[in-house]
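Student: when you get a sec, could you give me coordinates for this:
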Amino acid sequence: MSTPPAASRTRSTRIRAVEEFDALVRGEHGASLVCAQVNEHALRGLTAARTLQQRLGDLIRALATGEGPEGMMRGRLALSGVVMAAARGRELGGRQAERHAAALTVARSLIAPETAS
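Tutor: Numbering: from 1, shown residues only. Coordinates of the predicted model:
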């Protein structure tokens, strides 16, 4: 699967993708996604986790705002914020809905700044 260049992905496409990921994290199998992201290094060698890790990597590249390290970091941090909202409730405080709303706000600021297309 080839990820299109960052320039061809619009701001609204990146926002929609992170919102859909948030819905998946909050869904029936969200704990598996959270586990895969939080334990990425530990799961790297497991055949069963390989496809999920590849798909998460594809999503991170799709969320990237540029081709270099900063763009990739923005994509990875956006997903990490969504995962953090689900996995770090005690540390973050608030209700689950508040944490997820905050995660989406942070993700949008990372992957779809107002000055970007």
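
Student: what's next to the top helix by length along the chain, contact-wise?
Tutor: The longest helix of the chain (DSSP state H) is helix 69-87. By CB atoms under 8 Å, 6 or more residues apart in numbering, the surrounding residues in contact with helix 69-87 are 6, 18, 21-22, 25-26, 30-31, 33-34, 37-38, 56, 59-66, 92, 96, 99-100, 102-104, 106-107, 110-111. For the C-beta atoms, the positions are set from N, CA and C on the backbone; glycine is no exception.

Student: before we move on, what about stretch 28-38?
Tutor: Residues from elsewhere that reach stretch 28-38 (CB under 8 Å, 6+ apart): 21, 24-25, 43, 49, 52-53, 56, 79-80, 83, 86-87.

Student: who wins on neighbours among those residues?
Tutor: Using other CB atoms under 10 Å as the neighbour criterion, residue 79 leads the contacts of stretch 28-38 with 24 neighbours.

Student: from residue 47, how far out is that one?
Tutor: The gap separating residue 79 from residue 47 is 23 Å, by CB to CB, to the nearest Å.
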